[in-house]
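Enquirer: For reference, the sequence and a predicted model appear below.
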Amino acid sequence: MPLNFQIIGISKHFPLHSIHINMEREVRVRFAPSPTGALHIGGVRTALYNYLFAKKNGGKFLIRIEDTDQTRFVPGAEEYIKESLAWAGIETDEDPWKGGPHGPYRQSERKAMYMQYALDLVEKGHAYYAFDTSEELDAMRERLTAARVVSPQYNSITRTTMKNSLTLPEDEVKARLASGEPYVIRIKIPRKEEVRLNDMIRGWVMVHSSTLDDKVLMKSDGMPTYHLANIVDDHLMGITHVIRGEEWLPSAPLHVLLYKYFGWEDTMPQFAHLPLLLKPDGNGKLSKRDAEKHGFPVFPLEWTDPNTGGQVAGFRESGYLPDAFVNFLALLGWNPGNQEEIFSKEQLIEAFTVERIGKSGTKFDINKANWFNEIYLRAKPNVELAEYLLASLKQEGIACTPEKAAKVCGVMKERATFPTDFWKEGKFFFLSPTSFDEKIAEKKWNNDTVNALTAYKEELLANTETITPELAKALLTTALEKKGIGMGKVMQGVRLAITGVGAGPDLMEVIEIIGKEEVIKRIDFAIDNLKAYIH
RNA sequence: GGUCCGUUCGUCUAGGGGUUAGGACGUAUCCCUUUCACGGAUAAAACACGGGUUCGAUUCCCGUACGGACUACCA
């Protein structure tokens, strides 16, 4: 794409690179999880926002696995991430599994390229070797704490007392390196400098460099830390916007400094730090414990930790529909600015802007998630819903035609929250009642009900037409008129006899689905078995 | 402790110098339904506090309080 002349004209006064690049660069964003366990719902939201942003702006969304900490690697976690995003319908353009032009997409596989960047910083005087052992580090912190230093850290002051290439003679440094002694490379944070960044959500954030510490860039095992790896990779992968959780905000100034020292300021991505997802009660970050405490999932998929054996519930397994889940998640911290709440994925892409992401933490409310699920469940065609019911029935060993299952779902969906409710609340469509709701029986089972049912049975027997809801109702009306009993008086009893419970979909529709013969059988059974309730 | 971020109904939020502070979930009540829901309607429910600035502040500024994140050779 050629630059237009106006921009070239401006370039006399403003740096051309930044204007040029910002306008011409394709939007590229990434989700960079660590494979250390199940992907938290907050992570899914971060991925979702990245995805929505990319698609909205005609850009690319990619996944990069940040597995630089080998000690925290958990088998299966990577697969879990992949499956979670797939379930939620968050599609990637580039990732470790399908690859892409900027691979590899696993930091462990990029290991070889980080050292040269760290060394580049050392050469430029922005980083240095450090040989301190962890015991020495601990001792330093203890010493500083004892001296009531407010923040004991490896920084411009303390580094002068430690074992590093700034304090040791050059020869000794060389000797130590040559001897294979373990070392790390630390960034050399300037003593006095104001570091600022313009966060897309929070505006200007300013931090004084004196509060930053000399973070480790290269670990002694030859792996980079997150701070180094994420800057190098984002740069190499052409990332234009970094949308990540608020927990990264404190280290963002460090990252800005790194871009500066590498000389990549012109293409430094824009940052957007997302508000946290909080516990539904009280305060704090939403955690696994909340799931256990409140009985709802905080992870997209069910997960069993291979190391601890600990198990967590998943939204998928709990019966949440992917579209409902995504819709719910999108509104947790973002809003469209109008009063609409129901958004398909495509509509979310269309409506999404970073500007409308809120600043404050968001408490997690499962009620709202359930509401979304109900909305999406009702919008689904009955045949699609039937698949869920058919699956439940198969587990129970009950045969059923797809047509009947669809019909059951059709009448049940108005009252269901989860697909599993079709079976749970609608067992009576498939199983004759063997027991009855005692409370209803106590209240509604009486001579009138028995008389009404007896008369109804006669009418059903006498009629030879195929039963429909209308016919079922007409016959009941006739029976009741003959007996001189009001419908309202016995309806609950009739329902109880036929379904065994006091609540359910329209009874006449239930009768149609169950069929005349079965209804008659159930009436007989109820009359025989509920005698004790007649006073 | 230090640094940074935040604070509108119980929850998610809209709004923004003058509003009856709007919507949604949840809750309650009523209507519809000769059954159960769905649906509809109504109600209760919020600008953390104190100073400024201003004719006027929930909105802007500064404090305080409260909450949170970060403070590893973890990400």
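Expert: Cool, the structure landed. On a predicted model such as this, the values are computed, not experimentally measured, just so you know. Residues are numbered from 1 along each chain as shown, chains lettered A, B, ... in the order given.
Enquirer: in chain A, which ranges drop under the pLDDT threshold?
Expert: Scanning chain A for pLDDT under 70 picks out A:1-23, A:282.
Enquirer: Domain ranges for it, per the record?
Expert: Chain A breaks down into these domains under automatic domain parsing: A:106-228, A:288-379, A:382-426, A:432-535.
Enquirer: In contact with the closest residue to RNA strand B within the stretch 51-200 of chain A, which residues?
Expert: The stretch 51-200 of chain A approaches RNA strand B most closely through A:Glu66 (2.8 Å), counting by CB to the nearest atom of the strand. Every C-beta, even on glycine, is put in place using the N, C-alpha and C of the backbone. Taking CB atoms under 8 Å, 6 or more residues apart in numbering as the contact definition, A:Glu66 lies against A:32-34, A:107, A:226, A:229-230.
Enquirer: Could you do A:Gly103 as well?
Expert: For A:Gly103, the contacting residues are A:94, A:96, by CB under 8 Å, 6+ apart.
Enquirer: can I assume it sits in a strand?
Expert: No: inclusion of A:Gly103 in a strand is not indicated when DSSP: H, G, I helix; E, B strand; the rest coil is applied; the result is coil.
Enquirer: which stretches of the stretch 301-450 of chain A form strands?
Expert: Using DSSP state E, counting those that start in this stretch, the strands of the stretch 301-450 of chain A run over A:303-304, A:311-312, A:362-363.
Enquirer: Out of the ones you listed, which gets nearest to RNA strand B?
Expert: Between the strands of the stretch 301-450 of chain A, strand A:362-363 lies closest to RNA strand B; by CB to the nearest atom of the strand that is 3.3 Å.
Enquirer: Strand partners (parallel or antiparallel) of that closest one?
Expert: Strand pairing for strand A:362-363, using DSSP bridges, gives strand A:277-278 (parallel).
Enquirer: Can you mark which positions in whichever helix or strand comes after the partner strand are buried?
Expert: Going down the chain from strand A:277-278, the next helix or strand is helix A:288-294, by DSSP states H and E. Burial within helix A:288-294, assessed by neighbour count using 16 or more other CB atoms under 10 Å, is assigned to A:288, A:290-291.
Enquirer: and which of these is nearest to A:Gln116?
Expert: Taking CB to CB as the measure, A:Lys288 is the one of the buried residues of helix A:288-294 closest to A:Gln116, at 39.2 Å.
Enquirer: Give me the nearest residue to the closest one, chain neighbours excluded.
Expert: In space, not counting the residues next to it along the chain, A:Lys288 is nearest to A:Val312; the distance is 5.9 Å by CB to CB, 6 or more residues apart in numbering.
Enquirer: hmm, who's touching stretch A:128-145?
Expert: By CB under 8 Å, 6+ apart, the list of residues contacting stretch A:128-145 from outside reads A:122, A:152-154, A:158-159, A:161-166, A:168, A:173, A:176-177, A:181-186, A:188, A:214, A:216.
Enquirer: out of those, who's near RNA strand B?
Expert: The overlap between these and the neighbourhood of RNA strand B (criterion: CB under 7 Å from any atom of the strand) consists of A:153-154, A:182, A:184, A:216.
Enquirer: Secondary structure for those - can I get that in a markdown table?
Expert: Output for those, formatted as a markdown table (three-state DSSP):
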| residue | secondary structure |
| --- | --- |
| A:Gln153 | coil |
| A:Tyr154 | coil |
| A:Pro182 | coil |
| A:Val184 | strand |
| A:Val216 | strand |
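Enquirer: Make a markdown table out of the residues you listed and add distance to A:Ala130 and neighbour count.
Expert: As requested, these are exported to a markdown table (distance: CB to CB, whole Å; neighbours: other CB atoms under 10 Å):
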| residue | distance to A:Ala130 | neighbour count |
| --- | --- | --- |
| A:Gln153 | 13 | 18 |
| A:Tyr154 | 8 | 20 |
| A:Pro182 | 10 | 11 |
| A:Val184 | 5 | 20 |
| A:Val216 | 8 | 18 |
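Enquirer: Of all pairs in those, which one spans the longest distance?
Expert: Taking every pair in those and measuring CB to CB, the maximum separation is 20.8 Å, between A:Gln153 and A:Pro182.
Enquirer: what's the distance between the residue nearest to A:Ile357 when sequence neighbours are not counted and A:Arg30?
Expert: Sequence neighbours aside, A:Trp334 is the residue nearest to A:Ile357 in space, at 4.9 Å (criterion: CB to CB, 6+ apart). Computed as CB to CB, to the nearest Å, the A:Trp334 to A:Arg30 distance reads 19 Å.
Enquirer: Tell me the residues of the stretch 401-535 of chain A that contact RNA strand B?
Expert: Counting by CB under 7 Å from any atom of the strand, the residues of the stretch 401-535 of chain A near RNA strand B are A:414-415, A:477, A:486-488, A:491-492, A:495, A:502-508.
Enquirer: of those, buried ones?
Expert: Those of those that meet the buried threshold are A:491-492, A:495, A:502, A:504-505, A:507-508, by 16+ other CB under 10 Å.
Enquirer: Just the ones of these in strands?
Expert: Per DSSP state E, strands hold no members of these.
Enquirer: Select, from those, the two members most distant in space.
Expert: The most widely separated members of these are A:Gly502 and A:Met508, with 16.4 Å between them, by CB to CB.
Enquirer: packing partners for the strand or helix carrying A:Gly488?
Expert: Under the criterion DSSP H and E, the helix or strand holding A:Gly488 is helix A:487-499. Other elements packing on helix A:487-499 under the criterion 3 or more CB pairs under 8 Å, 6 or more residues apart in numbering; DSSP states H and E are helix A:438-444, helix A:447-462, helix A:469-483, helix A:507-514, helix A:516-529.
Enquirer: For the residue nearest to A:Lys288, name its beta-bridge partners.
Expert: Counting by DSSP bridges, A:Val312 forms beta bridges with A:Trp303.
Enquirer: which residues touch it?
Expert: With contacts defined as CB under 8 Å, 6+ apart, A:Val312 is in contact with A:38, A:288, A:291, A:297-299, A:302-303.
Enquirer: Please see if stretch A:333-341 touches RNA strand B.
Expert: Yes: contact between stretch A:333-341 and RNA strand B is present through A:333, A:335, A:337, A:339, A:341 (criterion: CB under 7 Å from any atom of the strand).
Enquirer: Among these, name the buried ones.
Expert: Neighbour-count burial (16+ other CB under 10 Å) applied to the residues of stretch A:333-341 next to RNA strand B gives A:Gly333.
Enquirer: Quick check: the farthest pair among the residues of stretch A:333-341 next to RNA strand B?
Expert: In terms of CB to CB, the residues of stretch A:333-341 next to RNA strand B reach their longest pairwise distance at A:Gly333 and A:Gln339, which sit 17.2 Å apart.
Enquirer: Spell out which parts of the stretch 1-150 of chain A neighbour RNA strand B.
Expert: A:32-34, A:66, A:68-69, A:72, A:132-134, A:137, A:150.
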